[in-house]
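Undergrad: okay, structure incoming, though there's no sequence with it:
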């Protein structure tokens, strides 16, 4: 089973995004996604932004993770 975490993109440069995932900031590769901008939400797995998601999706995923 793979688990992705929702994160907000803070900044992006040269295919690398600085994201905030529940207060933890880290750099992840954004090269799999064609159109990501600061303020967007992404699903992160194994150091890669694998999908762009809505803020509602991010809130729902965070709630699920908090209930585990």
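TA: Looks like it came in fine. Fair warning: this is a prediction, and the values are worked out from it, not measured in the lab. Residues are numbered from 1 along each chain as shown.

Undergrad: from here on, contacts and neighbour counts on C-alpha atoms
TA: OK.

Undergrad: now residue 28: which helix or strand?
TA: Using DSSP states H and E, the element containing residue 28 is strand 24-29.

Undergrad: give me the helices and strands touching that strand, please.
TA: When contacts are defined as 3 or more CA pairs under 8 Å, 6 or more residues apart in numbering; DSSP states H and E, strand 24-29 packs onto strand 16-21, strand 48-53.

Undergrad: quick one: the first one to chain centroid distance?
TA: If I follow you right, that is strand 16-21. Chain-centre distance of strand 16-21: 7 Å, with CA atoms, centre = their mean, to the nearest Å.

Undergrad: next, the angle from it to strand 48-53.
TA: Computed by axes from the mean of the first three to the mean of the last three CA atoms, to 10 degrees, the angle separating strand 16-21 from strand 48-53 equals 70 degrees.

Undergrad: strand 16-21 pairs with which strands, parallel or anti?
TA: In its sheet, strand 16-21 lies beside strand 5-13 (antiparallel), strand 24-29 (antiparallel), with partners assigned from DSSP bridges.

Undergrad: out of those strands, indicate the one that is most buried.
TA: Using mean count of other CA atoms under 10 Å, the stretch among those with the largest mean neighbour count is strand 5-13, at a mean of 20.

Undergrad: contacting residues around that one?
TA: 17-22, 36-45, 58, 61-62 (CA atoms under 8 Å, 6 or more residues apart in numbering).
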